[in-house]
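In: Next one to model:
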Amino acid sequence: MSDDSLLNGTGAPDDQPPAGNDTPPAGNDTPPVGGFDVNAFMSEGWKDCIPEDLRDRSEWSRVNNVQDVFKNYISAQQTISKSVRIPDATSSAEDITAFYTKLGKPASAAEYDFTYEKQESDVFDKDSFDFKMFQDLADKANLTKDQYQALASAYIGIQNEYVRNYNKDMSEQVGREMAEAERELRKEWGNNYSTHLNNIESKLAQMYPQETIEKMTQVGLFRDANFLKSQLALTKMMTGDTIFIEGNRIDDVPQTIENLRAKRDSLMEADYVKHKAEVTELNKQIVQLQMSQQGQLNRARG
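Out: Purely as a prediction, here's the structure:
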């Protein structure tokens with residue numbers, strides 16, 4: 001092109017774009033091609049390609065452009081590849097095994113295990129029971145390790161709670177029985193209540209072996225008012241507090257014997273000849289009491 005044409009405005013320098021042409025769009029924008037606006041399609045126009053029966057689905061609200069469609073597709077495929085599909089009637093044994101293994105089922109029943117943290121009030125712990133049957137059941141039920149953990153530990157917890165409730169109920173029952181026995185015995189024994197109980201306790205070892213005493217305690221005999229009354233009678237036999245001679249009851253035999261001796265000695269000192277008959281009778285009674293006391297003591301000891 002000549003300089004004249006440039007000066008006359010009839011041409012343009014070879015290194016300049018023709019007058020009137022727009023500058024190419026900057027960035028990633030793509031100019032329309034043959035009347036098709038790619039940018040508009042990528043951002044909005046793609047929605048026109050959605051099948052009519054799918055356009056109203058809510059899933060599209062999370063898609064802003066075609067790039068999101070691609071990203072969501074890849075994400076969905078990755079999720080599907082990692083997903084666990086529930087077996088159905090058409091699933092093979094291998095498919096079923098793979099399914100439960102993926103969920104967390106051990107390879108064999110023997111691999112089922114669990115932990116249990118024993119509390120201070122617990123009676124049982126993990127070693128208190130044989131869990132072989134639990135392991136077999138867990139294996140047949142296709143339980144995961146976490147499910148078996150929950151099942152086995154819950155079983156121990158239930159057993160411990162049962163024992164705690166039982167002990168609580170028994171403690172309350174023992175308290176009621178002791179209170180009832182005490183009311184009855186205090187009413188009958190009065191001020192001698194504590195003395196009689198002490199006498200019974202002091203003679204138990206002489207009347208029964210320790211093993212028998214423990215069994216009597218376990219079954220609650222010492223909370224039974226009638227049993228304690230019978231033990232008091234046995235105690236008095238051993239100490240001589242109660243003796244029957246010719247059908248007559250004599251309480252506090254040691255004191256009775258002492259009183260008879262004192263009375264006999266007094267009569268002898270005053271006038272033995274005059275009171276000989278009474279002294280002889282007193283001696284007879286003393287001997288009878290001593291013999292009866294020893295006989296009942298021997299019977300009580302077996």
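
In: what residue ranges in this structure are flagged as low confidence?
Out: 1-36, 83-84, 237-253, 291-302 (pLDDT under 70).

In: show me where it has helices.
Out: Applying DSSP state H to the chain gives helices spanning 3-7, 38-43, 66-82, 93-103, 132-140, 145-189, 193-207, 210-218, 225-239, 253-271, 276-301.

In: So what touches the fifth one?
Out: Spelled out, it's helix 132-140. For helix 132-140, the surrounding residues in contact (CB atoms under 8 Å, 6 or more residues apart in numbering) are Pro106, Ser108, Ala109, Ala110, Tyr112, Gln147, Tyr148, Leu151, Ala152, Tyr155. (Each C-beta comes from the backbone N, C-alpha and C, glycine too.)

In: how is this protein carved up into domains?
Out: With automatic domain parsing as the criterion, the domains of the chain are listed as 21-82, 93-165, 240-302.

In: Which residue is the nearest non-sequential neighbour of Asn160?
Out: Asp122 (4.5 Å; CB to CB, 6 or more residues apart in numbering).

In: what about the one you found, distance to Ile158?
Out: The gap separating Asp122 from Ile158 is 12 Å, by CB to CB, to the nearest Å.

In: Adding distance to Arg57, write the helices of the chain out as TSV.
Out: Output for those, formatted as TSV (distance: least, CB to CB, whole Å):
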stretch	distance to Arg57
helix 3-7	62
helix 38-43	20
helix 66-82	13
helix 93-103	30
helix 132-140	42
helix 145-189	36
helix 193-207	87
helix 210-218	74
helix 225-239	83
helix 253-271	106
helix 276-301	98
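
In: Indicate which one of those helices is closest to Ile50.
Out: helix 66-82 (9.9 Å; CB to CB).

In: Contacts for that closest one, please.
Out: Residues from elsewhere that reach helix 66-82 (CB under 8 Å, 6+ apart): Phe41, Met42, Ser43, Trp46, Arg62, Val63.

In: Filter those down to just the buried residues.
Out: The neighbour count (16 or more other CB atoms under 10 Å) marks Phe41 as buried among the contacts of helix 66-82.

In: Relative to Val273, which of the contacts of helix 66-82 is nearest.
Out: Nearest to Val273 among those, counting by CB to CB, is Arg62 at 133.8 Å.

In: Asp122 and Ile158: which has the busier surroundings?
Out: Shown here are Asp122 and Ile158; by other CB atoms under 10 Å, Asp122 has more neighbours (17 against 11).

In: dump the residue contacts of Lys263.
Out: Counting by CB under 8 Å, 6+ apart, Lys263 touches Leu282.

In: Much appreciated, bye for now.
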